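Visitor: Can you look at this prediction? I've put the sequence above it.
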Amino acid sequence: KNEVEQSPQNLTAQEGEFITINCSYSVGISALHWLQQHPGGGIVSLFMLSSGKKKHGRLIATINIQEKHSSLHITASHPRDSAVYICAVYWYSGGGADGLTFGKGTHLIIQP
Amino acid sequence: NAGVTQTPKFQVLKTGQSMTLQCAQDMNHNSMYWYRQDPGMGLRLIYYSASEGTTDKGEVPNGYNVSRLNKREFSLRLESAAPSQTSVYFCASSPFRQAQGIQYFGAGTRLSVL
């Protein structure tokens, strides 16, 4: 079973700050996802990546396959970025369940 | 352009009652998933369906059954609800056979079992 650890668990920052959320996993994977869960509960996929870096607006996701580590960065943070950010990994065991293993999430609050 | 629709949004059950959570997607996706989310824990896979007519157990399948009625619909049934099944349930779908594509989530069902 793949263990997914996120840090920090909670993060409070001021508007405009550069935010970094980290994700580490224990077993080699074929894909990693970053998701955002809004305060109302809805979940949205932000990125799926298997190597390198992806950028969408103010969000940047990177992954280092050798180090089994990924980071999600938010530039020029805004109060509307306040949410729970969840890392999830897909790894294929060859006979096990087809699905994602999720981290517990990082609760981000951006204060005005 | 509804995406993934779950019903109901909220439900309260008494121990031993049964109910079915409904999920439908209009994106012509092959794969569909049921997750539960509990405080302090990550989302956990209950069951999944890689394609119409197939279903497989996930990490926490005990106490649940599923039906992939057609390509659009994937239902989750609790035959005899227990307080340990109090949770928020999410249905998701993905265009690809395995979880290598972006997943699209429903809004969730908050279930309380008394």
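Guide: Okay, I see it. The model shown is predicted, which means the values in this text are computed figures rather than measured ones. Residues are numbered from 1 along each chain as shown, chains lettered A, B, ... in the order given.
Visitor: is stretch B:58-72 anywhere near chain A?
Guide: Yes - applying Cβ under 8 Å from any Cβ of the partner chain, one finds stretch B:58-72 in contact with chain A at B:58-59. The way it works is simple: take the backbone N, C-alpha and C, and place the C-beta from them, glycine included.
Visitor: List the buried residues for that stretch?
Guide: Within stretch B:58-72, the residues scored as buried using 16 or more other Cβ atoms under 10 Å in any protein chain shown are B:58-61, B:64, B:66, B:68, B:71-72.
Visitor: Bridge partners for the closest residue to B:Arg36 other than its chain neighbours, pull those for me.
Guide: The shortest distance from B:Arg36 to any non-neighbouring residue, by Cβ to Cβ, 6 or more residues apart in numbering or on different chains, is to B:Ser87 (4.3 Å). Taking DSSP bridges as the rule, B:Ser87 bridges to B:Leu111.
Visitor: wouldn't B:Ser87 be in contact with B:Thr109 here?
Guide: No - B:Ser87 lies out of contact with B:Thr109 (Cβ atoms under 8 Å); the separation is 9.0 Å.
Visitor: Which one of the buried residues of stretch B:58-72 is nearest to B:Tyr104?
Guide: B:Arg72 (13.1 Å; Cβ to Cβ).
Visitor: Give me the nearest residue to that closest one, chain neighbours excluded.
Guide: B:Ala24 (5.1 Å).
Visitor: In terms of helices and strands, where is the one you found?
Guide: strand B:19-25 (DSSP states H and E).
Visitor: Contacts for that strand next, please.
Guide: Strand B:19-25 is touched from outside by B:3-8, B:11, B:13, B:32, B:34, B:72-78, B:81, B:89, B:91, B:93, B:104, B:106, B:109, B:111, with contacts defined as Cβ atoms under 8 Å, 6 or more residues apart in numbering or on different chains.
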